[in-house]
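> Following is a predicted model, sequence given first.
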Amino acid sequence: MRGLFALENNMASESTGNRDQPYFASNGAPAIDVDPGIVSDFAAEVGTRRTGTKAEREALSGKKIFEGLAFGDTSLKAEFKVIDGSWKQVLGDTGWVTPSLGSGWTNESGNPVQYRKRNGIVSNRGRASTTGERSQMFVYGNGFLPEIGAGANMTFIIDATGPARANVISTGALTMLTTGALTNVSIANIRFDAA
């Protein structure tokens, strides 16, 4: 790279600002020859929105990552923003994820249990059956955990062939509280904000 600013005497800036922009002392040399191309490159690099791959987003550090920075992630096809010092997905669609089911659970043929996150909301679909009671259907993957306190859970009444209650636990586990074997357990009504 050519350097941020080209000066007649090849001087560098005296300091940098909070986004790594060059600063020149007001009592510095009066003749400064600014290269407009370098100024344009700098403005594009440190604006409040960037676009690139997941690896490029995760590699940002120091002064190049700051509160409010938005990033269009071309790998994940999602929008991220720095909130409270870390990346949060604010827009995007993960597509449907098919989890591995827990012991005793089987998917309904042609209608497997799946989940997705679209614009920060986790949705579910599909049906499964179980032969046991109080069992874990599956665990949501990273990025899909519910926005609830540690140790807390959310409860949903679900559609099944018998009485059942679904709990989404802060760890991401989706468990069913039943009185026995259940068939055609639908999780379509389970929706929550992702953390």
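Here it is on my side, so go on.

> model confidence over stretch 161-173, on average?
The average pLDDT for stretch 161-173 rounds to 83.

> Walk me through the regions of this protein where pLDDT falls short of the threshold, as ranges.
1-15, 19-40, 44-46, 134, 163, 179 (pLDDT under 70).

> domain ranges for it?
1-46, 48-92, 105-193 (automatic domain parsing).

> Pairing-wise in the sheet, spell out the partners of residue 124.
Going by DSSP bridges, residue 124 is paired in beta bridges with residue 115.

> now do residue 92
Going by DSSP bridges, residue 92 forms beta bridges with residue 78.

> Make residue 1 into 50 and carry on from there
Let's use 50 as the start, then, which means that last one is residue 141.

> show me what contacts it?
By C-beta atoms under 8 Å, 6 or more residues apart in numbering, residue 141 lies in contact with 122, 125, 126, 127, 128, 166, 167, 168. Glycine gets a C-beta too; all of them are placed from N, C-alpha and C.

> quick one: which of the domains of the chain is nearest residue 147?
Residue 147 lies closest, by C-beta to C-beta, to one member of those: domain 154-242, at 5.1 Å.

> Identify each buried residue in stretch 127-146, please.
127, 128, 129, 130, 131, 136, 138, 141, 143, 146 (16 or more other C-beta atoms under 10 Å).
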